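> Pasted the sequence and its predicted model underneath.
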Amino acid sequence: MSAVRASGVRKCFTRGAETVTALDGVDLVVDAGQVVALVGPSGSGKSTLLAVLCGWEVPDAGALVVGGGGAPDAQGWGELALVPQALGLVADLSLLDNVLLPARLRGPHRRSAAPTALAGQLLAGFGLDHLTDRYPHQVSLGEQQRAAVARALVLRPALLLADEPTAHQDREHADRLLDALHDAADDGTAVLVATHDEVAWSRADRVVSMRDGQLTDGPPS
Ligand SMILES: Nc1ncnc2c1ncn2[C@@H]1O[C@H](COP(=O)(O)OP(=O)(O)OP(=O)(O)O)[C@@H](O)[C@H]1O
């Protein structure tokens, strides 16, 4: 089952008299249980593609089906989760409360013990279990990034979009993050990860390459 089906997606930005074509007719399918690495040079359009897929940006043209259908920004955290490049942790919440936020927002009627247990496992696996009561500004950038990945995984979303999730990590922590993305895929999550990390490409089920807003299958030539 595909979690992303995009065809002919186009997105332009206007800066004064200049128009930037960030996405130029992008076709992409990501299936449940797959990890797809989205690679390409800085400025090629990777973050814009993730922004369109999560509903932060509206495409100018093309067809897009995310999850079970409907608008991307109408999907709950259980359907679509995001690790943005800027992380987006809530400054006034501890790391643990940040990670549990998707479960809280989902509402009490559907709350179960499962997210709490998974949050604990993720935080321990990412070496954050001694930092759970700290606020984001009291931990390192790499620790914040690992908390943001844990938050995105805590509901085992149908689709996970991750923008450079290993950018602030040493190799060992990066590998633990990649292990967690692949564990989620083994549980059925479709994972699309924009990355410059060649280990992430080598472990992905598929690599797609962006250049000047155009997407092709396979690693860059
Ligand atoms: N809001 C915006 N307004 C104007 N131009 C934008 C906007 N967002 C992105 N762009 C431009 O669109 C192009 C694609 O940017 P994007 O952020 O998608 O690249 P990227 O591949 O994710 O780069 P990086 O690897 O550096 O994160 C770039 O030329 C960028 O300057």
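Sure thing, it's come through. Note that this is a predicted model, so its numbers are computed, not measured.
> which stretches of this protein have low pLDDT?
107-113 (pLDDT under 70).
> What is the longest helix of the chain by residue count?
Counting by DSSP state H, the longest helix found in the chain is helix 171-186.
> Report the buried residues of that one.
Buried residues in helix 171-186, counted by 16 or more other C-beta atoms under 10 Å: H173, A174, D175, R176, L177, L178, A180, L181, H182, A184, A185. In this view, the C-beta of every residue, glycine as well, is placed from N, C-alpha and C.
> packing partners for that helix?
Counting contacts by 3 or more C-beta pairs under 8 Å, 6 or more residues apart in numbering; DSSP states H and E, helix 171-186 packs against strand 35-39, helix 113-125, helix 141-153, strand 159-163, strand 190-194, helix 198-203.
> what's the helix or strand for the residue nearest to A152 when sequence neighbours are not counted?
Spatially, and ignoring its direct neighbours in sequence, A152 is nearest to A81 (4.0 Å; C-beta to C-beta, 6 or more residues apart in numbering). Using DSSP states H and E, A81 sits within strand 80-83.
> Would you mark the buried spots in that strand?
For strand 80-83, the neighbour count (16+ other C-beta under 10 Å) marks L80, A81, L82, V83 as buried.
> try stretch 154-173
Per 16+ other C-beta under 10 Å, stretch 154-173 contains these buried residues: 154-166, 168-169, 173.
> now, which of the residues you listed lie close to the ligand?
Counting by C-beta under 6 Å from any ligand atom, the subset of the buried residues of stretch 154-173 that neighbours the ligand is empty.
> Get me the contact residues on the chain for the ligand.
Contact residues (C-beta under 6 Å from any ligand atom) of the chain with the ligand: F13, R15, V20, A22, G40, S42, G43, S44, G45, K46, S47, T48.
> Let's have those residues in CSV, adding neighbour count.
Formatted as CSV, the residues of the chain next to the ligand follow (neighbours: other C-beta atoms under 10 Å):
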residue, neighbour count
F13, 13
R15, 7
V20, 13
A22, 24
G40, 22
S42, 7
G43, 13
S44, 22
G45, 26
K46, 27
S47, 20
T48, 24
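> Out of those, the closest to S221 would be?
When the residues of the chain next to the ligand are ranked by distance to S221 (C-beta to C-beta), G40 comes first, at 11.8 Å.
> mind listing what that closest one touches?
Contacts for G40 (C-beta atoms under 8 Å, 6 or more residues apart in numbering) come out as K46, S209, M210, R211, P220.
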